[in-house]
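Peer 1: everything below, folded, please.
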Amino acid sequence: MILLDDRTGSKELLPHFKPFDVEAEVCRLGFADAAFCGNCEEGQIEIGIERKVLGDLVSSIRTERLSGHQLDGLLEYYAVNYLIVEGIYRPGKCGELEQARNGGWQVVYVGRTPMLYKEVDNFLTTMEAVGMRIRRTAGITETATVIVDLYKWWQKDWDKHKGHMGIYAPVPEKENKNGNHKVSLLRRPKANLVTCMAAQIPGLNQKAWEVGKWFKSPMEMVMADEKEWQKIDGIGKKGSKQIVNSLQGG
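Peer 2: This is a model prediction of the structure:
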C-alpha cells in the first residue's frame, strides 16, 4: 500500500492513483509526501518519496528548509529516498531559471531576486550525493505515475530484477569497485566466456547466466548432448534439441 501524507502537497495526489491497480491511503507521515514498504536483498525496507513542485523547491533551497530540516528526517526514517521535482524548467540566456507557464517561459523569482538555474542544478547534485534519488516530472499526473512505477518495482522479489543483466558479448566486462552502501544495490555478476558464448545462441537470452554456471568450458558446452542441456533450469526437450542443432550443426 502507498501511504500519502494528509497535508497539502501530498493529499492532492490521491485521485491520480485511481487509474492504477494499487491501494493508496491518506494518513499523517512524519516525513515524506509518500511512503511504502519494499523488498531488498536484506528483506523489507521503508521507502520515502518527497514531492517538490518547482516553486516549492526553489523556496526550500533559499530558506534551507529541505536541507536543514526535512532531509535529516527522510534519511533517518527511510532506507531509500526519492525526491521528485515537478515542473518543466530550463536555463535562460543569462543563466536564470525559467519555468514553462501559460504557453511560454517565465523567470522564476524568490522575492525580487531571480533564481539561477545552476542553484537548482547544484542543489539536486548535492541531494544525490547524500543519498536522495532524483526524478523529474512534468506535472501531477506524471508524478503519480512515477510513484506507482517505483512502488511496483520495489514490490518485486529482489532476485527477480533482471534489467541490469543484459549481455553484450564483444565488450570485456569490469568488476564494480564501488564502496559499500546502506542498502544493497542490484549486483551485476561478471559474465564468463561460456555465458558470453551462450548469449549468442537464439532463444537463450537470460538463461545464458545459468548456462555459464553449468558448463566449465566452451568445449564442454558445445559437446553436450540434449539430456545434459535439459538439466539446466528452464531448458526443455524442444529447446535442448534446437540448441544442440545450433552448436553441432545437426
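
Peer 1: low-confidence stretches in the chain?
Peer 2: 68, 165, 167-182, 184, 250 (pLDDT under 70).

Peer 1: identify the residue spatially nearest to residue 62, adjacent ones excluded.
Peer 2: Leaving aside its chain neighbours, residue 62 sits nearest to residue 110 (4.9 Å; criterion: C-beta to C-beta, 6 or more residues apart in numbering). The C-beta positions use only the backbone N, C-alpha and C, and glycine is treated the same way.

Peer 1: now the one you found: phi and psi?
Peer 2: phi -120, psi 100 (degrees, to the nearest 10).

Peer 1: which parts of this protein are helices?
Peer 2: 54-63, 65, 71-77, 117-129, 140-155, 193-198, 208-214, 218-223, 226-229, 237-248 (DSSP state H).

Peer 1: gap between the third one and the chain center?
Peer 2: Averaging C-alpha coordinates over helix 71-77 and over its chain gives two centres that are 20 Å apart (C-alpha atoms, centre = their mean, to the nearest Å).

Peer 1: so which other helices or strands are in contact with it?
Peer 2: strand 43-53 (3 or more C-beta pairs under 8 Å, 6 or more residues apart in numbering; DSSP states H and E).

Peer 1: domain-wise, how is the chain divided?
Peer 2: Per automatic domain parsing, the structural domains of the chain span 2-159, 164-248.

Peer 1: let's have those in JSON lines, adding mean neighbour count.
Peer 2: Compiled in JSON lines, these are given as follows (neighbours: other C-beta atoms under 10 Å):
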{"stretch": "domain 2-159", "mean neighbour count": "16"}
{"stretch": "domain 164-248", "mean neighbour count": "14"}
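
Peer 1: before we move on, the earlier item: residue 22 is nearest to which of the helices of the chain?
Peer 2: helix 140-155 (5.6 Å; C-beta to C-beta).

Peer 1: could you say what helices and strands the closest one packs with?
Peer 2: strand 2-5, strand 34-40, strand 43-53, strand 80-86, strand 132-137.

Peer 1: try it again with 7 Å
Peer 2: strand 34-40, strand 43-53, strand 80-86, strand 132-137 (3 or more C-beta pairs under 7 Å, 6 or more residues apart in numbering; DSSP states H and E).

Peer 1: can you tell me what sits against that helix?
Peer 2: Residues external to helix 140-155 that are found in contact with it (C-beta atoms under 7 Å, 6 or more residues apart in numbering): 2, 13, 16-17, 20, 22, 34, 36, 38-39, 47, 49, 51, 82, 84, 86, 135, 137.

Peer 1: try it again with 8 Å
Peer 2: 2, 12-13, 16-17, 20, 22, 34, 36-39, 47, 49, 51, 80, 82, 84, 86, 135, 137, 161 (C-beta atoms under 8 Å, 6 or more residues apart in numbering).
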